[in-house]
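> Coordinates for the following, if possible.
(4 chains)
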Amino acid sequence: MNYTPTEMMTVAAARAIRNDDVCFVGIGMPSAACNLARLTHAPDVTLIYESGTIGTKPDVLPLSIGDGELCDTAVTTVAVPEMFRYWLQGGRISVGFLGAAQLDKYGNLNTTVVGDDYDNPKVRLPGGGGAPEIATSCGEIFIVMKQSARGFVDNIDFMTSLGHGKTGTERESLGVKTKGPSRLTTDLCIMETDPATREFIVTSIHPGVTREQIIENTGWAIRFADQVVETPAPNETELSALRALNERTARAHAGQ
Amino acid sequence: MNYTPTEMMTVAAARAIRNDDVCFVGIGMPSAACNLARLTHAPDVTLIYESGTIGTKPDVLPLSIGDGELCDTAVTTVAVPEMFRYWLQGGRISVGFLGAAQLDKYGNLNTTVVGDDYDNPKVRLPGGGGAPEIATSCGEIFIVMKQSARGFVDNIDFMTSLGHGKTGTERESLGVKTKGPSRLTTDLCIMETDPATREFIVTSIHPGVTREQIIENTGWAIRFADQVVETPAPNETELSALRALNERTARAHAGQ
Amino acid sequence: MTLFVSLKEAIAENVFDGDVVALEGFTHLIPYAAGHEIIRQQRKDLTLVRMTPDLIYDQLIGMGCVKKMIFSWGGNPGVGSLRRFRDAYEKSWPHKLEIEEHSHAAMANAYEAGAAGLPCAVFRGYLGAGLAEVNPNIRFIECPFTGERLASVPSIRPDVSVIHAQKANRNGDVLIEGIVGVQKEAVLAAKRAIVTVEEIVDNFDDVHPNACVLPNWTLKAVVKVPGGAHPSYAKGYYERDNAFYKAWDPIASERETFQAWMQDNVLNQGPEAFAERVAFTPAKQ
Amino acid sequence: MTLFVSLKEAIAENVFDGDVVALEGFTHLIPYAAGHEIIRQQRKDLTLVRMTPDLIYDQLIGMGCVKKMIFSWGGNPGVGSLRRFRDAYEKSWPHKLEIEEHSHAAMANAYEAGAAGLPCAVFRGYLGAGLAEVNPNIRFIECPFTGERLASVPSIRPDVSVIHAQKANRNGDVLIEGIVGVQKEAVLAAKRAIVTVEEIVDNFDDVHPNACVLPNWTLKAVVKVPGGAHPSYAKGYYERDNAFYKAWDPIASERETFQAWMQDNVLNQGPEAFAERVAFTPAKQ
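Below you'll find the predicted structure:
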């Protein structure tokens, strides 16, 4: 079966989600991956959106973090202060998903400004939203992001949310108990955190992708694990579930 | 019309409640006074019980702070942490009602222990409950209490909740912005806070009560205002509303 | 789904000697049946936490299960004292009882902070109050912006919280409605949570989207015990048995009458007895 | 009862030049009609507060009403940037815009603390985060029991908060349901609160006892504006107009197209236009 790099990325991201996970889901790629997991191998996964919807099972992907469908299909919907206090800070989330404009090899993320002067940025981005506390309160962080040398940089312009810090040791020195970024899924490969150095290393390469492509699209000196496997291509169940989800979504949003 | 001292006390306490007040209501006499006010001259008064029931209109007096009737007739019922954070601490309550085992002339109250050793009390009382923060967060405090030399003492055994402190100046020195105890209604008289000294002075004596009776039943050297009036006797509207309320209450609780 | 177990299993597997235990309920939905099971299983050295310890804590204390009680108002609402609590605290019967005493605001904030995963609660409280002088767990901090002195107490993080609720659905999600007290906070603050419910329904499709629902993954055990809150009440099921609260005072006033009552009504009974106790106190409407 | 007024009166009597204003709504129930009235009344030098400033803040900024924005995520959800916000912040058009930037957790806690009457919020946050270095309103305190370093931000206490809700009853109590965001907190934290509603009903007898209801005495003005959340949505009334959110991007991308759109759709219109805008986007079910 043919599939696009985005489909491969979504499927690979979805596979990492376990049936008993409680996921704090962001809009876009994380939302697609989480719902795909729910519609395939992880039917009992709990999806939480920061708008307050807990255990939601949307039939189509939301355009915003607070689409009505999220509430209509949730186990319960709580106020936003409660969401951030009892559910996120309370340590009840096993996996948080994040994306960014820029990330570095330690999984530090920037969604705040482009340019190194915060007060006079080249580009003012939307900002961190929930990211600073998602990054430290969730059991672990999965990052899903299209790979490019522009986004995967040696030094991010602003530390919107903490990964493993500037040296890989900052979580420990700050007393942060959670694991932090453990997995990065891109349209080219899967990276996991090296337990020794805390930097992302490539552990699985998507079918048809070369090491050179990965190197070219990474702004830092990317390392490959000793054992790199090939990511299994999306199977028919995965692809058809994803495409049906995307079709339902397109139809629903076009109808408005 | 004949009436009992308790009826006089309840009616006198009720009269002080204004139609636009938001009252934090305790069980017992305050609850009777507040509901009598609501059923007579203050139909729009907002009654709040610490169980979380806001704007409640019980048909009978509750036995406990969380009887079902309070919820069934409320505008809304909130969780107890919200009650104490948003509604009480938030400064939304105009009048708090308190009673006690002991009070002094500054309206400091004791509902904790009898005896001056907290760790080895003569009698262990139920404790302060909401009183410590009711005393400082409500706009002003109305106290309703049967008068006796045993309860109205020179020195309370334990400072469960702050009135005007040990010298009348403690609210100011602690930075407490609210008025504190402003009115004390007993079965013998009405006392109000002297603006100069902050101590309770008698401003109104119930019909048939003598100054001597008040002096005998007060453990401190009680002062009388320059102008002491006679409390108007309960009128027929007040008495019949109170008696009907008490009858409904007795019938409802006996039925269980 | 091992979430649905018997009450005996729920207590045996989740409540241990020496645990910090909160059986919460603010007048409404007090988990009496679960408390009785703890007594039958003879747990010892418990630290009991509750804003408004009422008859069930009086019973646990009188039966010797309790080492310490953390509370803010310990009485029989509208009636008077807790006789067994006073006998234990004032006269060490059946043994010595320690207490840690707070205000309602402090306890409510401490549960909230526990649910929020914080080490402490911060609030405006205890101004001029005597408890601040006798309880070392009441401290003060300064607002880093205004310098205002604010009270702080440790968050409450029970080993196990026990609550009674109206219903569970088949997935084990639990609905609480009416006077919800601090039950949600108690459950989310605890390491383990047990819920007894009036009934189990297919789904919560007809439930308000913002109703207080605890998802099944926040709970360790869900047990159907109809009437399990008696003599407290369950909105929509049965009313508060105010007469029983009044009747408790003479029962608890003497050690002998208390023990006889416990033998007959707790030790010689099981959770199934609760359904009968509420059979004649139907809910209003 | 002077609570029920026209939208024109509600804004004229409660929103003043230089005010700190929160028009809250977390995707759901965003008070667009009220925002447009503020634009028509040409308020100046406002400090706008909101977790997720979206198109209505883009419009207020582009029309020159805003001096400063306090926020945690400023984008067009699922679409991209707020073009007018960026033009103001990056290029000072129509004039300079100050910002104060926080995380969602900080803002949510700050509203909560504002509703709770506290001077500051305390939470576990900003660990290793860059905002703590550029925003002097992010400070740290120590837990007085564990020594843990906790973040603190000033509470949010707007001069006026504006929300949109599903309904009011004849007394002026207001019901919000579904995704309730931080609206209750925004109202309770504010000196004055304005609510626009879809409809006014006789009573709330059929409303869940724990639903989010704001009693009339917490509000300054209640205004019926059907469709008043468009292009946001009102659960039970109409769905989110996702197509409009997408269409906004090209409109806002140029100053001229923006101004023309504002002239036609805001300055030359009144609140009654909103009902038509939602006529063809009925609610699900």
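> what are the ranges of the strands in the stretch 151-285 of chain C?
C:160-169, C:174-176, C:192-201, C:212-214, C:221-224 (DSSP state E, counting those that start in this stretch).
> Show me what counts as buried in the third one.
Read it as strand C:192-201. Buried positions in strand C:192-201, judged by neighbour count with 16 or more other Cβ atoms under 10 Å in any protein chain shown: C:192, C:193, C:194, C:195, C:196, C:197, C:198, C:201. C-beta here means a position set from N, CA and C on the backbone, and glycine is covered the same way.
> How about the first one?
Of the residues in strand C:160-169, those buried under the neighbour-count criterion (16+ other Cβ under 10 Å) are C:160, C:161, C:162, C:163, C:164, C:165, C:166, C:167, C:168, C:169.
> ok, now which ones touch the first one?
Taking Cβ atoms under 8 Å, 6 or more residues apart in numbering or on different chains as the definition of contact, the neighbours of residue C:160 are C:14, C:15, C:19, C:20, C:21, C:22, C:190, C:191, C:192, C:193, C:194, C:220.
> quick one: which of the residues you listed sit in helices?
residue C:14 (DSSP state H).
> and chain D, which of the contacts of residue C:160 reach it?
Checking the contacts of residue C:160 against chain D by Cβ under 8 Å from any Cβ of the partner chain, not one of them is in range.
> can you pick the most crowded of the contacts of residue C:160?
Tallying neighbours with other Cβ atoms under 10 Å in any protein chain shown puts residue C:22 at the head of the contacts of residue C:160, with 31 neighbours.
> what are the bridge partners for that one, then?
residue C:49, residue C:161 (DSSP bridges).
> Would you pull up the residue in the stretch 1-150 of chain C closest to chain B?
Using Cβ to the nearest Cβ, the single residue of the stretch 1-150 of chain C nearest to chain B is residue C:27, 2.7 Å away.
> Give me the nearest residue to that residue, chain neighbours excluded.
residue B:66 (2.7 Å; Cβ to Cβ, 6 or more residues apart in numbering or on different chains).
> residues touching the closest residue in space to residue C:202 that isn't next to it in sequence, list them.
In this structure, residue C:202 finds its nearest non-sequential neighbour in residue C:170, 5.8 Å apart by Cβ to Cβ, 6+ apart. Residue C:170 is in contact with C:200, C:201, C:202, C:203, counting by Cβ under 8 Å, 6+ apart.
> Show me what from the stretch 51-200 of chain C comes close to chain D.
Going by Cβ under 8 Å from any Cβ, the residues of the stretch 51-200 of chain C near chain D are C:116-120, C:122-124, C:137, C:139-146, C:148, C:150, C:152, C:154, C:177-178, C:180.
> can you rerun that using 6 Å?
Counting by Cβ under 6 Å from any Cβ of the partner chain, the residues of the stretch 51-200 of chain C close to chain D are C:119-120, C:122, C:139, C:141, C:143-146, C:148, C:152, C:154, C:177-178.
> Could you list which of those belong to strands?
C:120, C:122, C:139, C:141, C:152, C:154 (DSSP state E).
> Identify the farthest-apart pair in those residues.
C:141 and C:154 (12.8 Å; Cβ to Cβ).
> Let me see the confidence value for residue A:256.
Per-residue confidence (pLDDT) for residue A:256: 49.
> Do I have it right that residue C:275 meets residue C:227?
Yes: counting by Cβ atoms under 6 Å, residue C:227 is a contact partner of residue C:275 at 4.5 Å.
> quick one: which of the two has more around it?
residue C:227 (24 against 16).
> roughly how far apart are that one and residue D:161?
Using Cβ to Cβ, to the nearest Å, one gets 45 Å for the distance from residue C:227 to residue D:161.
> so how many other residues sit close to residue A:195?
If we define neighbours as other Cβ under 10 Å, then residue A:195 has 7 of them.
> That one falls within a strand, correct?
No: with DSSP: H, G, I helix; E, B strand; the rest coil as the criterion, residue A:195 is coil rather than part of a strand.
> Mind checking if stretch A:82-94 is in reach of chain C?
Yes: Stretch A:82-94 is in contact with chain C by Cβ under 6 Å from any Cβ, via A:85, A:86, A:89, A:90, A:91.
> Mind checking the pLDDT average for that stretch?
The model assigns stretch A:82-94 a mean pLDDT of 98.
> now stretch C:22-31
97.
> Show the residue spans covered by the helices in chain A.
Under DSSP H, chain A gives helices at A:5-15, A:29-39, A:68-72, A:80-82, A:131-137, A:170-174, A:211-216, A:236-254.
> for these, which one ends up most surrounded?
helix A:131-137 (a mean of 28; mean count of other Cβ atoms under 10 Å in any protein chain shown).
> Show which residues not belonging to that one make contact with it.
By Cβ atoms under 6 Å, 6 or more residues apart in numbering or on different chains, the surrounding residues in contact with helix A:131-137 are A:24, A:88-89, A:96, A:98, A:160-162, A:176, D:103, D:105, D:125-127, D:129.
> ok, and of the residues of the stretch 51-200 of chain C next to chain D, which contact chain B?
Applying Cβ under 6 Å from any Cβ to these, those adjacent to chain B are residue C:178.
> Narrow the residues of the stretch 51-200 of chain C next to chain D to those that are buried.
Buried members of those, counted by 16+ other Cβ under 10 Å: C:119, C:120, C:122, C:139, C:141, C:143, C:144, C:152, C:154, C:177, C:178.
> For beta bridges, what are the partners of the fourth one?
Right, residue C:139. Bridge pairing for residue C:139 - DSSP bridges - gives residue C:152.
> got a pLDDT number for it?
Per-residue pLDDT puts residue C:139 at 98.
> now swap in the last one and tell me
The predicted local confidence for residue C:178 comes out at a pLDDT of 97.
> what's the answer for the third one, then?
On pLDDT, residue C:122 comes in at 98.
> cool, and the first one?
Residue C:119 is assigned a predicted lDDT (pLDDT) of 98.
> List the contacts of it.
Contacts of residue C:119 (Cβ under 6 Å, 6+ apart): C:155, D:143, D:146, D:148.
> pLDDT (mean, whole number) over stretch C:258-276?
97.
> quick one: low-confidence parts of chain A?
A:255-256 (pLDDT under 70).
> rewinding a little: just put the residues of the stretch 51-200 of chain C next to chain D in a markdown table and tack on distance to residue C:40.
Output for these, formatted as a markdown table (distance: Cβ to Cβ, whole Å):
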| residue | distance to residue C:40 |
| --- | --- |
| C:119 | 35 |
| C:120 | 36 |
| C:122 | 40 |
| C:139 | 39 |
| C:141 | 44 |
| C:143 | 49 |
| C:144 | 50 |
| C:145 | 53 |
| C:146 | 53 |
| C:148 | 49 |
| C:152 | 38 |
| C:154 | 31 |
| C:177 | 29 |
| C:178 | 28 |
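> Count residues in the vicinity of the residue lying closest to residue A:129 once chain neighbours are set aside, would you?
With sequence-adjacent residues excluded and distances taken as Cβ to Cβ, 6+ apart, residue A:129 is closest to residue D:73, at 3.6 Å. For residue D:73, the neighbour count with other Cβ under 10 Å is 25.
> What residues does residue D:73 make contact with?
Neighbours of residue D:73 in contact, by Cβ under 6 Å, 6+ apart: A:126, A:127, A:129, D:52.
> Quick one: name the residues of chain C near chain B.
So chain C meets chain B at C:26-28, C:72-75, C:77-78, C:86, C:89-90, C:101, C:103-105, C:108, C:112, C:124-130, C:134, C:178-182, C:185, C:233, C:235, C:239-243 (Cβ under 6 Å from any Cβ).
> all strands for the stretch 101-250 of chain A, in order.
A:102-103, A:109-110, A:113-114, A:123-124, A:140-144, A:181-185, A:189-193, A:200-205, A:223-230.
> so which of those strands is the most packed in?
strand A:109-110 comes out most buried of those by mean count of other Cβ under 10 Å, with a mean of 26.
> Touching it from outside, list them.
With Cβ under 6 Å, 6+ apart as the criterion, strand A:109-110 contacts A:98, A:100, A:101, A:102, A:103, A:156, A:157, A:158, A:160, A:161.
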